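>>> Turn this into a model:
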Amino acid sequence: MPGITENSLFLLLLKIYAALFVLGPIILRIQFRFNAKLDPQSVPLESLPADVRGFFATRISAITGLGFELIGYVNVAMTKGTGSYMALFSNPRSLEWADISAAKTSKLMKGYTEFITRCANDEQVDTNTNATAPVLSPQSSHHVFRFPQIQEPFTLYRVHRALVQQTLRGSQPELPPKGQEIAELKRRLERYGRQQSEQGYMYLDASGQFYRLTWKGAVLGAWRSIWPVNLLRSKWMEQQNQTRLRSLGVQQVRPT
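Residues are numbered from 1 along each chain as shown. A predicted model of the protein is given here:
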């Protein structure tokens, strides 16, 4: 009898797990909405949620100490049910961006630090501390490097500068005119939906207000987020990152 019970429990768990692979894409496709027309708003620090303010406060001085100027705080609604906030910086000498980004739901807040170099030919290098492996399509001209094991902005910026030299090979970075930073941020964020649509992962709905997932995007997005696929992808990203860091001479960094 115990053997039958254990076997029945195993089969039940197996069926539930298999159902995740079937129902996951369906639920994700129904629920996912990415705003096609974003409206980043400059807001005072006091208007941000307390945990977001705390996350920003521990990182701002380290970024300004690298020569970046704080442009301000931005509230931008990108996906349904998630608040998105940024502390936005620019460096007029190196012509680079930096930001501290935070995404907040009713139960959870996650954030990361990022340095960005964008060129006139639309090539872009992003170096950040985001621990989440991407689930949709990478863009050939948009080079994103994630190093969640690096928590110190000085080291992250050092790695970013090395990756810019290695990746862009002499392309000239650019910043918008002073006062146009949020307008440029809007253009940069809205580009994501269009690019994913061109790759067949999203489509613009009939209202023209939202990008929704195609079945291709929903299946990949859901399956890549289910355990143990998400864990294996994170481990693979970690190993790739450690190899890249060693090649850049940053051998002392270890996962946290």
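>>> the strands in the chain, which residues?
Using DSSP state E, the strands of the chain run over residues 34-35, 41-43, 69-75, 83-91, 96-104, 109-118, 124-128, 142-146, 202-204, 210-213.
>>> wait, which of the ones you listed is closest to residue 225?
strand 210-213 (12.4 Å; Cβ to Cβ). In short, each C-beta sits where N, CA and C put it, glycine included.
>>> how far does the longest helix belonging to the chain sit from the chain's center?
Secondary structure of the chain per DSSP state H: the longest helix is helix 2-31. Taking Cα atoms, centre = their mean, to the nearest Å, one finds helix 2-31 lying 30 Å from the centre of the chain it belongs to.
>>> and it, average pLDDT?
Helix 2-31 comes out with an average pLDDT of 82.
>>> List the residues that contact the residue positioned nearest the centre of the chain.
Closest residue to the average C-alpha location of the chain: residue 130 at 6.1 Å, with Cα atoms, centre = their mean. Contacts for residue 130 (Cβ atoms under 8 Å, 6 or more residues apart in numbering) come out as 112, 114, 146, 148.
>>> Is it correct that residue 34 is in contact with residue 204?
No: taking contacts as Cβ atoms under 8 Å, residue 34 lies outside contact range of residue 204: 9.9 Å.
>>> one step back: could the strands of the chain be laid out in TSV, adding distance to residue 223?
Output for those, formatted as TSV (distance: least, Cβ to Cβ, whole Å):
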stretch	distance to residue 223
strand 34-35	19
strand 41-43	35
strand 69-75	32
strand 83-91	25
strand 96-104	22
strand 109-118	21
strand 124-128	24
strand 142-146	20
strand 202-204	17
strand 210-213	12
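>>> Could you point out which of these sits nearest residue 233?
strand 142-146 (11.2 Å).
>>> what's across from the spatially closest residue to residue 111 that is not a sequence neighbour in the sheet?
Leaving aside its chain neighbours, residue 111 sits nearest to residue 102 (3.7 Å; criterion: Cβ to Cβ, 6 or more residues apart in numbering). Beta-bridge pairing for residue 102 (DSSP bridges): residue 85, residue 111.
>>> Does residue 102 touch residue 55 like I think?
Yes: using Cβ under 8 Å, residue 102 is in contact with residue 55, at 5.5 Å.
>>> shared neighbours, the two?
Counting by Cβ under 8 Å, 6+ apart, the shared contacts of residue 102 and residue 55 are 109, 111.
>>> Please, where are all the helices along the stretch 101-250 of the chain?
Under the criterion DSSP state H, counting those that start in this stretch, helices of the stretch 101-250 of the chain are mapped to 153-168, 181-198, 215-223, 229-247.
>>> Any chance of JSON lines for these, columns mean neighbour count?
Below are the helices of the stretch 101-250 of the chain laid out as JSON lines (neighbours: other Cβ atoms under 10 Å):
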{"stretch": "helix 153-168", "mean neighbour count": "19"}
{"stretch": "helix 181-198", "mean neighbour count": "17"}
{"stretch": "helix 215-223", "mean neighbour count": "19"}
{"stretch": "helix 229-247", "mean neighbour count": "14"}
